[in-house]
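**Student:** Fold the following for me, if possible:
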Amino acid sequence: MRIGFCQFNVAHSNIEANLKKITALLKNIEADLIVLPELCFSGYSFPSKEAVFPFADNSAQKEILNKLGIISKTKGIYLIAGIAEKEENRLYNSAIVIGPEGCIGKHRKINLPKGEKIFDRGKSLEIFKIGNVKIGIAICFESWFPESMRILMLRGAQIICCPMNFGGPWTPNVMKARSLENKVFTIMANRIGKEWIGSEEAEFRGESQIIDHGGNVLVKAAKEECVKIIDINPEEAKKKDNIVCEDMKYEMGLYKEYVKYTL
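**Tutor:** Model (predicted):
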């Protein structure tokens, strides 16, 4: 399976410019699955929920879905993209899954850092199928929570896709641990560029990467606009053997009971 990420400088409040950038970056790409950054059509920071609505309402969503659908169908590629999603008076930081057959699902971010309180919380962690491969989605800060990543693994995820907007140095190392402890491939798709978050200028560091089920970085970007792709065998992520535990099925069974009674 050919998987990859698309990293670029997101234009704030400009859906059309971001769609053009994505189209250009993916023009000559051949892959099965590409992950795009978090909130990659609107930008990240807004003063209020209402300020995001023009980039998240039905009209905006339709424009994004139509364009990504054309790319997906033309190239035979699955895309996972971070969007702002308005539903009535609620606003979600979401990720959509689009394939040649159309939009097959979405995930709404559950774990929200303090800078994202204008968003409402999602309520579930879902698994999506691309052919015979099961994928999960964790949006940026969600990857910092072992419970979220473990639930996706227990539900069968072989690849966990992570649209991201991060600037600090910690997330890449967090993701190595999550990949190793869950024996899954992870695809991190960060952005580059700068935005004002309140009174502070934030810089997004890029460094998108793909990590294998052993916690090894297979491919990594610098601070650049790029698409990077690599071939993997998703079947390897079905093997949950651990060198320090001879009975992982038992251990995962205990974790399922823990999750059932604590979430």
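**Student:** name the helices or strands packed onto the biggest helix by length in the chain?
**Tutor:** Taking DSSP state H as the criterion, the chain has its longest helix at helix 58-75. Under the contact definition 3 or more C-beta pairs under 8 Å, 6 or more residues apart in numbering; DSSP states H and E, helix 58-75 sits against helix 15-25, strand 78-87, strand 90-99, strand 102-108. Where C-beta positions appear, they are placed from N, C-alpha and C, glycine not excepted.
**Student:** now what about the very next helix or strand once past the first one, what contacts it?
**Tutor:** For helix 15-25, the following helix or strand on the C-terminal side (DSSP states H and E) is strand 33-35. Strand 33-35 is touched from outside by 1-6, 26, 77-81, 130, 135, 159, 161-163, 187-189, 227, 229, with contacts defined as C-beta atoms under 8 Å, 6 or more residues apart in numbering.
**Student:** Report the inter-axis angle for the longest helix of the chain versus strand 78-87.
**Tutor:** 170 degrees (axes from the mean of the first three to the mean of the last three C-alpha atoms, to 10 degrees).
**Student:** starting at the chain centroid, how far to helix 58-75?
**Tutor:** 18 Å (C-alpha atoms, centre = their mean, to the nearest Å).
**Student:** I'd like the helices and strands packed on helix 58-75 as CSV, with mean pLDDT appended.
**Tutor:** As requested, those are exported to CSV (pLDDT from 0 to 100):
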stretch, mean pLDDT
helix 15-25, 98
strand 78-87, 98
strand 90-99, 98
strand 102-108, 97
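**Student:** Tabulate these (JSON lines), appending mean neighbour count and distance to His213.
**Tutor:** Below are the helices and strands packed on helix 58-75 laid out as JSON lines (neighbours: other C-beta atoms under 10 Å; distance: least, C-beta to C-beta, whole Å):
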{"stretch": "helix 15-25", "mean neighbour count": "17", "distance to His213": "27"}
{"stretch": "strand 78-87", "mean neighbour count": "24", "distance to His213": "19"}
{"stretch": "strand 90-99", "mean neighbour count": "23", "distance to His213": "21"}
{"stretch": "strand 102-108", "mean neighbour count": "17", "distance to His213": "21"}
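**Student:** TSV for the ones you listed, including distance to Asp57?
**Tutor:** Listed next are the helices and strands packed on helix 58-75 as TSV, based on distance: least, C-beta to C-beta, whole Å:
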stretch	distance to Asp57
helix 15-25	11
strand 78-87	5
strand 90-99	10
strand 102-108	15
